[in-house]
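Asker: Starting from these lines, generate the structure:
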Amino acid sequence: MSRRKSQQPTDTELAILQVLWSRGPGTVREVHEALSASRDVGYTTTLKLLQIMHEKGLVRRDESQRTHRYTAVLSEESTQGRIVRDLIDRVFGGSARALLQRALAARPASRKELNQIRKVLDEFEEKEGSR
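Answerer: Below is the predicted model of the structure:
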């Protein structure tokens, strides 16, 4: 089976990945039970999505036992980074500033979140200054 390269996960695929990131490797039944707690999805749909995700290279399938176990190929942080880079390039013309401005305008941050953002910006600035 040929794998499609570097495709972004759909919303439902992301929900499945979040189950795998939070719980670790799981069977179709385990993933389905966790997923169906927050959305209306059938077992066969979960199975089909995991098969597609395996084909896309988003999950790894351990076939050493009768019940296959699925594992996310990339970490949550790595996947988020890929999605954000793609978003910045496609929607914001490569501008992280434009993304941040639009994000804060769309959903204002609390004072605590703004302080955390400032801290992250200071850390990035410090890191860049040491290069």
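Asker: Now do the longest helix along the chain, average pLDDT.
Answerer: Secondary structure of the chain read by DSSP state H shows that its longest helix is helix 111-129. What helix 111-129 shows for mean pLDDT is 93.
Asker: what are the ranges of the helices in this structure?
Answerer: 11-23, 28-36, 43-56, 76-91, 96-106, 111-129.
Asker: Now the ones you listed in a markdown table, please, with extra columns for mean neighbour count and distance to Ser64.
Answerer: Quick note: C-beta positions are derived from backbone N, CA and C, even for glycine. Putting these into a markdown table (neighbours: other Cβ atoms under 10 Å; distance: least, Cβ to Cβ, whole Å) gives the following:
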| stretch | mean neighbour count | distance to Ser64 |
| --- | --- | --- |
| helix 11-23 | 17 | 18 |
| helix 28-36 | 18 | 16 |
| helix 43-56 | 17 | 15 |
| helix 76-91 | 13 | 25 |
| helix 96-106 | 12 | 42 |
| helix 111-129 | 10 | 42 |
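Asker: Relative to Glu63, which of these is closest?
Answerer: Closest approach to Glu63 among the helices of the chain (Cβ to Cβ): helix 43-56, 10.2 Å.
Asker: For that closest one, name the packing helices and strands.
Answerer: helix 11-23, helix 28-36, strand 59-62, strand 69-72 (3 or more Cβ pairs under 8 Å, 6 or more residues apart in numbering; DSSP states H and E).
Asker: Quick one, which of the ones you listed gets closest to Gln80.
Answerer: helix 11-23 (9.7 Å).
Asker: Return the distance of the closest one from the chain's centre.
Answerer: Distance, stretch centre to chain centre, for helix 11-23: 7 Å (Cα atoms, centre = their mean, to the nearest Å).
Asker: Report the inter-axis angle for that helix versus helix 76-91.
Answerer: Here helix 11-23 points in a direction 150 degrees away from that of helix 76-91 (axes from the mean of the first three to the mean of the last three Cα atoms, to 10 degrees).
Asker: rewinding a little: of the helices of the chain, which is nearest Thr67?
Answerer: helix 28-36 (7.9 Å).
Asker: Give me the angle between the closest one and helix 11-23.
Answerer: Computed by the same axes, to 10 degrees, the angle between helix 28-36 and helix 11-23 is 110 degrees.
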